[in-house]
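S.K.: With the sequence up front, the predicted model follows.
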Amino acid sequence: MGIELELHSGRPARKRSSRDTLLRGSYEHGEALARALSVLDRHGSGKLGWVDPYGDTLFNEQEAQVARQEVTALTQRCTDDQQTAALLDLAELLDECAATPGSYVWFMGD
């Protein structure tokens with residue numbers, strides 16, 4: 001199980017190519033990111049707990065800004081270097097999304 005990430009300039013469309021809006025992707029940390037996010041309570045108040053490890057989850061720039069604040073605390077709970085690298089990559093994408101009006105971070109679960 002893994003979670004890949006993509007940053008899009010607008011809401012990615014499923015029927016037409018999502019490559020039209022793709023700004024950047026992160027595909028090398030999928031399993032580590034899934035492990036890092038698995039410790040979160042899906043019913044808690046945080047945004048990252050909403051990420052579905054088996055489906056797709058989209059965050060707009062406002063949600064990305066809130067989720068970015070959660071990454072710092074989550075990084076301190078990492079159990080290995082791969083999880084830390086995955087969360088640092090996620091933090092960069094969330095920062096870019098929060099700074100880009102109309103953009104989305106797409107979490108693609110297995």
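M.R.: All right, it came through fine. Numbers count the residues shown, from 1 in each chain.
S.K.: Could you use CA atoms for every contact and neighbour count after this?
M.R.: Noted.
S.K.: Sketch out the low-pLDDT regions of this structure for me.
M.R.: 15-17 (pLDDT under 70).
S.K.: could you point out which element follows the longest helix seen in it?
M.R.: For the chain, the longest helix by residue count, based on DSSP state H, is helix 81-98. Going down the chain from helix 81-98, the next helix or strand is strand 104-109, by DSSP states H and E.
S.K.: So in that sheet, which strands flank that next one, and in what orientation?
M.R.: strand 3-8 (antiparallel), strand 56-60 (antiparallel) (DSSP bridges).
S.K.: Not counting its own residues, what contacts it?
M.R.: Strand 104-109 is contacted by residues 1-12, 51-61, 64, 93-94, 97 when judged by Cα atoms under 8 Å, 6 or more residues apart in numbering.
S.K.: Only whichever of the residues you listed are buried, select them in PyMOL.
M.R.: A single PyMOL command selects the buried members of these (16 or more other Cα atoms under 10 Å):
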select buried, resi 2+3+4+5+6+7+8+9+10+11+12+51+52+53+57+58+59+60+61+64+93+94+97
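S.K.: Tell me which residues of stretch 69-85 come out buried.
M.R.: Of the residues in stretch 69-85, those buried (16+ other Cα under 10 Å) are 70, 71, 74, 75, 78, 82, 83, 84, 85.
S.K.: With stretch 36-49 instead?
M.R.: Buried residues in stretch 36-49, counting neighbours by 16+ other Cα under 10 Å, are found at 36, 37, 40, 47, 48, 49.
S.K.: Hmm, residue 57 and the last one touching each other?
M.R.: No. Counting by Cα atoms under 8 Å, residue 49 does not reach residue 57; the two are 10.7 Å apart.
S.K.: okay, and the common contacts of these two?
M.R.: Counting by Cα under 8 Å, 6+ apart, no residue touches both residue 49 and residue 57.
S.K.: I am finished for the moment; much appreciated.
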